[in-house]
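> Just a sequence and a predicted model for now, questions to come.
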Amino acid sequence: MPIEISAQCVKELRTMTGAGMMDCKKALQETNGDVDKAIEHLRQKGLASANKKSGRRTAEGLIESYIHAGSKIGVMVELNCETDFVARRIEFQELAKNVAMQIAACPQVEYVDITSIPSNIIEKEQAIESAKDDICNKPEKVQKQIIKGRLEKRLNELSLMNQAFIRDTDITIEDLINEKIALMGENIKIRRFVRFLLGEGIEKSEQNFSDEVASMLKS
């Protein structure tokens, strides 16, 4: 049975290595909490170098599309890398397809990551949480803690990078991207995406069947 690893230990290892949260947790569990061995473990897997590449320019890549069964949901996503060589790799193309499918499967997701969420949206979500009836009678300090936790949860729901990967729920999309950065040796970024939902924004007329029958009988 894996040993229990604190969130603080995971956070510290991630800061030191730049590896994904779940990768850090697994590394600590497999090395019984030994940080030095965990760092070595991540380096052997090529997961400790993603942070070194995160600032490098990504001007190549591809635009991937996905149409869900029934043709009622469609997605387009731009996935960037550093070179055209990597953009042509099957692993990169598979990553783009997986990201597009992830977006289709997550209707609440609206932004690439939390840093992309506009401040006015964050303020709006905070106001919504602050106005909920179930916290009105609680002490102010408790209210702030509850609002903070709920706001964090809501922002995670809006962020693509914070979603659990649909093909492996033990990792997030951020972890998946970091794994591919380590594998391909280049910085990789999800730049933008758009989701199409059939009929979205169109007011649909509701036909009252009984009224229609009554009208036909009168004519």
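Received the coordinates, thanks. Residues are numbered from 1 along each chain as shown.
> doesn't Gly74 fall inside a strand?
Yes: according to DSSP: H, G, I helix; E, B strand; the rest coil, Gly74 belongs to a strand.
> hang on, isn't it packed against Met101?
No: Gly74 is beyond contact range of Met101, at 11.6 Å (criterion: C-beta atoms under 8 Å). Placement of C-beta: from N, CA and C, glycine included.
> where do the contact lists of the two overlap?
In terms of C-beta atoms under 8 Å, 6 or more residues apart in numbering, Gly74 and Met101 are both contacted by the residues Tyr66.
> Can you classify Ile147 as helix, strand or coil?
helix.
> Show the contacting residues for it.
Taking C-beta under 8 Å, 6+ apart, we find Ile147 in contact with Gln126, Glu129, Ser130, Ile135.
> Arg154 - nearest residue in space that isn't next to it in sequence?
Glu125 (5.1 Å; C-beta to C-beta, 6 or more residues apart in numbering).
> Cys9 too?
Leu28 (6.0 Å).
> quick one: what helix or strand has the one you found in it?
helix 21-30 (DSSP states H and E).
> List the residues that contact Gln108.
Contacts of Gln108 (C-beta under 8 Å, 6+ apart): Glu157, Leu158.
> An error on my part: the question was meant for Ile121.
Leu158.
> tell me which element it is part of?
helix 119-130.
> returning to what we had before: residues of the following helix or strand past the helix holding Leu28 that come out buried?
Sequence order places helix 35-44 as the next helix or strand after helix 21-30, per DSSP H and E. By 16 or more other C-beta atoms under 10 Å, the buried positions in helix 35-44 come out as Val35, Ala38, Ile39, His41, Leu42.
> try stretch 16-28
Neighbour counts using 16+ other C-beta under 10 Å place Thr17, Gly18, Ala19, Gly20, Met21, Met22, Asp23, Cys24, Lys25, Lys26, Ala27, Leu28 of stretch 16-28 among the buried residues.
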